[in-house]
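Chemist: just a sequence and a predicted model for now, questions to come.
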Amino acid sequence: MKNKNVRLLFFIVGVIFFLELTMAMNYTEPFPAILYPGFADIPLVNSPVQKPKIFVFFNENDSVEISKDEFFYHLSDVNTNVILRENFRARKSFLNSSKDPRELEFTVGVKKFKLSLEGVKDSSKIEDGISWTKKRATEVVGRGDIRKLEVQWYSYNLSDNEEGPLVGDVLMEKFIVPFN
């Protein structure tokens, strides 16, 4: 292959990569693509995995478990797990007020990007979150006498055999959203 053809091929591949990057940053990730999602959450055998269960408690002290798919409008598991992990844990609760805006900074080539993550949470945003949670739970269960929503985080381990992929059922944390 001549040097001219190699340079042309290299230039074309570079343009394709740049177009994929531009599309991924501005619109949606094209598949198949060069920018694949991170696979950091792939569990290992004997490594604990935490999974949430959502319960709704009523005024008569009875409760019902609702699926996270139904509660979050049948979003993908990845999205619902991120929503639950980032908002329904004691450390990262949407019920805690925050004065520090969360920002994500990253560099592509020589250009720096900064993304604001709506970090400042005041009482009105917290009330909006509680209101949405109660409204959605009421829609899912079809009852209006809801006292609280509880997200329970259970720890599981992958088993060594393929017949039982998850073993154990240890309650690690309860996150409660009270509706007063």
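Modeler: Perfect, I can see it now.

Chemist: relative to residue 16, how far out is the spatially closest residue to residue 72 that is not a sequence neighbour?
Modeler: Take residue 72 and drop its neighbours on the chain: the residue closest to it by Cβ to Cβ, 6 or more residues apart in numbering is residue 80, 4.6 Å away. Where C-beta positions appear, they are placed from N, C-alpha and C, glycine not excepted. Look at residue 80 and residue 16: by Cβ to Cβ, to the nearest Å, they are 33 Å apart.

Chemist: who's more crowded, these two?
Modeler: Remark: of residue 80 and residue 16, residue 80 carries more neighbours, 19 against 11, as counted by other Cβ atoms under 10 Å.

Chemist: residues in contact with whatever helix or strand the more buried one lives in?
Modeler: Assigned by DSSP states H and E, residue 80 falls within helix 77-87. Helix 77-87 has contacts (Cβ atoms under 8 Å, 6 or more residues apart in numbering) with 37, 52, 68, 69, 71, 72, 75, 92, 93, 94, 129, 151.

Chemist: any chance of CSV for those residues, columns neighbour count, secondary structure and distance to residue 1?
Modeler: Output for the contacts of helix 77-87, formatted as CSV (neighbours: other Cβ atoms under 10 Å; DSSP: H, G, I helix; E, B strand; the rest coil; distance: Cβ to Cβ, whole Å):
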residue, neighbour count, secondary structure, distance to residue 1
37, 8, coil, 35
52, 18, strand, 55
68, 19, helix, 54
69, 12, helix, 52
71, 22, helix, 57
72, 18, coil, 52
75, 14, coil, 48
92, 12, coil, 54
93, 17, strand, 59
94, 21, coil, 57
129, 16, helix, 60
151, 20, strand, 59
